[in-house]
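Participant: just the structure for this:
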Amino acid sequence: MVNASVSEGLAAGDHFLAASDWNAAAEAFESVLAIQDDPAAHDGLGRALWWLRDVDRSIAERTAAYAGFRRLGQDSPAFRTALWLAREYADALGSEAVSRGWLARAEGLAFRLPEGVERGWMALTRGLLRADPASAGDDARTALELARKWNDPDLEAVALALQGLGTIASGNVLEGMTLVDEAMVVATAGEVHDQMIFGDVCCIVTRASEEACDTSRLSQWNKTVLRFMQSTGHPALLEFCGTCCAEIFLAAGDIASAEGWLTRTLDELDQGGHRARCVHPAAKLAELRLLQGRVEEASRLLAGFEDRPDALRATAAVRLAVGDTAVAAALLHRRIHHVGGGLLTVPLLALLTEVQLTQGDVGQARATAERLDEVAARTQWPRSLAASHLAAGRVAAALGDVASARERLDAAISIFAELNMPLEAASAHLSLAGALRETDPEVAVHEAGAAFAAFDDAGAGGMADKAAALLRALGGPARTGPKALGLLSRREREVLSLLAEALSNSEIADRLFISAKTAEHHVSSILAKLQLRSRGEAAAFVLRQSPKDQGLK
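Facilitator: Here you go, the predicted model:
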């Protein structure tokens, strides 16, 4: 009778795991453990708890599973569990020594197993744990060969993705992205059996897109990924990594959802004492805050993370935003020297050009833009070409070469549009508006308006403010009225609606989760844009608008 109850409980737990009902799976396995100490139940419970983001209990349960499997002489599941623990100690806890110990234990068990796919999983795990993706090429190729020999689509999917990432890191972007795309096909075409494989592949694809400066890739895969999750009833399959989930939403232009995922992930990391599995969410959220014009918050988010490689560009951008251009340039030079001359330098060189133009050092900016041109010419990768056109166009505008600026910025706009990167295209529109403000002011107004609309629609309030300021300089509204609302960013419209409620700056700050100083800045900007003299006039302005126009939020 006991054996029947255990078998039924294990079967139920496996069923719920397959259906991504993590709570029900956990309950089923716990019911088994209430009857007897079964390693398969510990293992299943650990899997369910991992999806429920209870990492510490998950590790404890799978450690108990490993001990049970070894006690029963079940070397194959013990081997797989040891590999999982090696990755989890490295990825979630940052315990490199413990991770190496588990990897060595798995390698010892592998020699006890008959020839089979296990050696492929061993090679794959070694590759995934390497700090440099380019050095994981041999491991990925071994894993891929064994996956195909033994017909293991789970291993094949991750091996393809890892080989693609390493190929990109080595400089062959086209071949690497083709491998990554094939991995996504395997993961979303119903071939894989373990849901964690889908998560692993999506995480690697996100990282590969970052490495290749091709976040539009995520946008192209977004519909396929979401459709797969809906059709299989697995809506939570990306929740294992909030940063990756946020990247998916950012690629689709959904800043609000991305913001939610990043803040939630940061809270969970703080509460659990764990480390980020890939790019730290603080770095991504800081970049998002800069888009929103919330510079102080971006700076606070990066406190303690400034020296992390994945946070360095965001740190430099914050330093630029507060006018500390010397530090921004130094940080970028350091990172460029470290990563060499490949695609990873593209966003760094682009930002360095902007920093040097802000410093007024047009000669250095021109030299940096030329380096970016060299990378683009060598790789012929669309994202690098667009970035090089944007940087060169900005430099040409600073040199007064309007014709060249127009040509290069038009090219940047076209490529960014083809790549479905609206915020980057809007930046090029804004730069073009600045380049044409003296020679062709009507076109400049059009370009600035296009930039403002794109930034505002996306909720990028900081950039929308810059576009609105240029619009005003080009001949903004002569009087206040409904049309003047179009010059306000989304955040400023939120602040204006709260001014109508007679709230103070500190009360506005509390309501919108911003600092009082930021609220004060928004109020000053609103008064300037609407040509109003006081907060009282702002409140009266709101009341004068039609009901339709009063929908300020």
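Participant: ok, and the closest non-adjacent residue to the most centrally placed residue in the chain?
Facilitator: Nearest to the centroid of the C-alpha atoms of the chain, with distances taken as CA atoms, centre = their mean, sits E247, at 3.5 Å. Distance criterion CB to CB, 6 or more residues apart in numbering; nearest residue to E247, sequence neighbours excluded, is T206 at 4.9 Å. Bear in mind the C-beta positions are built from the backbone N, C-alpha and C, glycine included.
Participant: same check, this time on Q36
Facilitator: Of all residues not flanking Q36 in the chain, V6 sits nearest, at 6.2 Å (CB to CB, 6+ apart).
Participant: L530 contacts V542, correct?
Facilitator: No: using CB atoms under 8 Å, L530 is not in contact with V542, being 10.0 Å away.
Participant: more crowded one of those two?
Facilitator: L530 (21 against 18; other CB atoms under 10 Å).
Participant: quick one, phi psi at the more buried one?
Facilitator: Main-chain torsions, L530, degrees, to the nearest 10: phi -90, psi 0.
Participant: same deal with L503?
Facilitator: Dihedral angles (degrees, to the nearest 10) for L503: phi -80, psi 150.
Participant: is it in contact with A516, as I believe?
Facilitator: No: with contact defined as CB under 8 Å, L503 does not count as touching A516 (11.5 Å).
Participant: so between the two, which is more surrounded?
Facilitator: The neighbour count for L503 versus A516, taken as other CB under 10 Å, is higher for L503 (18 against 14).
Participant: so for the more buried one, what's the nearest residue that isn't a sequence neighbour?
Facilitator: R511 is the one closest to L503 (CB to CB, 6+ apart), at 6.9 Å.
Participant: helix/strand/coil for the one you found?
Facilitator: The three-state label for R511, taken from DSSP: H, G, I helix; E, B strand; the rest coil, comes out as helix.
Participant: give me the helices and strands touching the strand or helix carrying A396, please.
Facilitator: A396 belongs to helix 382-398 when assigned by DSSP states H and E. Helices and strands touching helix 382-398, by 3 or more CB pairs under 8 Å, 6 or more residues apart in numbering; DSSP states H and E, are helix 346-359, helix 362-379, helix 402-418, helix 422-436.
Participant: and of the ones you listed, who's closest to A328?
Facilitator: Smallest distance to A328 across these (CB to CB): 4.8 Å, for helix 346-359.
Participant: got the angle for the closest one vs helix 422-436?
Facilitator: 30 degrees (axes from the mean of the first three to the mean of the last three CA atoms, to 10 degrees).
Participant: can you pull the contacts of A60?
Facilitator: Residues in contact with A60 (CB atoms under 8 Å, 6 or more residues apart in numbering) are G46.
Participant: so can I have CSV of the helices and strands packed on helix 382-398 showing mean pLDDT?
Facilitator: CSV is the format used below for those (pLDDT from 0 to 100):
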stretch, mean pLDDT
helix 346-359, 94
helix 362-379, 93
helix 402-418, 94
helix 422-436, 93
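Participant: pick the most deeply packed of those helices.
Facilitator: Compared across these, helix 422-436 shows the largest average neighbour count, a mean of 24 (mean count of other CB atoms under 10 Å).
Participant: read off the pLDDT value for the residue nearest to A40 when sequence neighbours are not counted.
Facilitator: Nearest residue to A40 in three dimensions, chain neighbours excluded: L10, at 5.6 Å (CB to CB, 6+ apart). On the pLDDT scale, L10 is placed at 93.
Participant: pLDDT at A110, what is it?
Facilitator: 90.
Participant: distance of it from V495?
Facilitator: 61 Å (CB to CB, to the nearest Å).
Participant: between those two, which one's more packed in?
Facilitator: Counting neighbours by other CB under 10 Å for A110 and for V495 shows that V495 has the greater number, 27 against 18.
Participant: report how many residues lie close to L543.
Facilitator: Neighbour tally, L543, other CB under 10 Å: 8.
Participant: phi, psi of the residue nearest to E247?
Facilitator: phi -60, psi -50.
Participant: does it touch W221 like I think?
Facilitator: No: applying CB under 8 Å, one finds T206 not in contact with W221, separated by 9.6 Å.
Participant: the more surrounded of these two?
Facilitator: Neighbours per residue (other CB under 10 Å) separate T206 from W221, with T206 holding more: 25 against 22.
Participant: need the pLDDT of the more buried one.
Facilitator: 78.
Participant: what's the distance between it and T188?
Facilitator: In terms of CB to CB, T206 sits 14 Å off from T188.
Participant: using PDB, write down the CA coordinates of the helix or strand hosting V318.
Facilitator: Taking DSSP H and E as the criterion, V318 maps to helix 309-321. The C-alpha coordinates for helix 309-321 follow below in PDB (Å, rounded to 0.1, in the frame of the first residue of the first chain):
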ATOM      1  CA  PRO A 309      31.700  44.700 -16.400                       C
ATOM      2  CA  ASP A 310      27.900  44.400 -17.200                       C
ATOM      3  CA  ALA A 311      27.300  47.700 -15.300                       C
ATOM      4  CA  LEU A 312      30.200  49.800 -16.600                       C
ATOM      5  CA  ARG A 313      28.400  51.200 -19.600                       C
ATOM      6  CA  ALA A 314      25.400  52.200 -17.500                       C
ATOM      7  CA  THR A 315      27.700  53.800 -14.900                       C
ATOM      8  CA  ALA A 316      29.500  55.800 -17.700                       C
ATOM      9  CA  ALA A 317      26.100  56.900 -19.000                       C
ATOM     10  CA  VAL A 318      25.100  58.200 -15.500                       C
ATOM     11  CA  ARG A 319      28.300  60.000 -15.200                       C
ATOM     12  CA  LEU A 320      27.700  61.700 -18.600                       C
ATOM     13  CA  ALA A 321      24.100  62.600 -17.500                       C
END
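Participant: what's in contact with it?
Facilitator: Residues contacting helix 309-321 (CB under 8 Å, 6+ apart): 279-280, 282-284, 286-287, 290, 295, 298-299, 302, 305-306, 325, 327-329, 331-332, 334-335, 338, 347-348, 351, 354-355, 358.
Participant: the inter-axis angle of it versus helix 346-359?
Facilitator: Here helix 309-321 points in a direction 20 degrees away from that of helix 346-359 (the same axes, to 10 degrees).
Participant: average pLDDT for helix 309-321, rounded please.
Facilitator: Throughout helix 309-321, pLDDT has a mean value of 88.
Participant: what is the burial count for the residue nearest to D132 when sequence neighbours are not counted?
Facilitator: Closest residue to D132 apart from its sequence neighbours, by CB to CB, 6+ apart: A169 at 7.1 Å. By other CB under 10 Å, the residues close to A169 number 24.
Participant: phi, psi for A169 please.
Facilitator: Torsion angles, degrees, to the nearest 10, at A169: phi -60, psi -30.
Participant: what do you get for L52?
Facilitator: phi -80, psi 0.
Participant: next up, the contacts around the nearest residue to it once chain neighbours are set aside.
Facilitator: Using CB to CB, 6+ apart and skipping the chain neighbours, the partner closest in space to L52 is W22 (5.0 Å). Residues near W22 by CB under 8 Å, 6+ apart: 16, 48-49, 51-52, 236.
Participant: now with 10 Å?
Facilitator: The neighbours of W22, taking CB atoms under 10 Å, 6 or more residues apart in numbering as the test, are 16, 47-54, 195, 236, 239.
Participant: please apply the same query to L301.
Facilitator: 262-263, 266, 280-289, 294, 311, 314, 318.
Participant: okay, now the unreliable bits of the stretch 151-300 of the chain?
Facilitator: 213-219, 222-223, 225-242, 244-245, 248-254, 269-279 (pLDDT under 70).
Participant: and the helix or strand containing L144, what's buried?
Facilitator: Secondary structure from DSSP H and E places L144 in helix 137-149. The neighbour-count check on helix 137-149 (16 or more other CB atoms under 10 Å) flags 137, 139-144, 146-147 as buried.
Participant: same deal with stretch 447-464?
Facilitator: By 16+ other CB under 10 Å, the buried positions in stretch 447-464 come out as 447-456, 458-464.
Participant: same check on stretch 53-64?
Facilitator: By neighbour count on 16+ other CB under 10 Å, the buried set for stretch 53-64 is 53-55, 58-59, 61-64.
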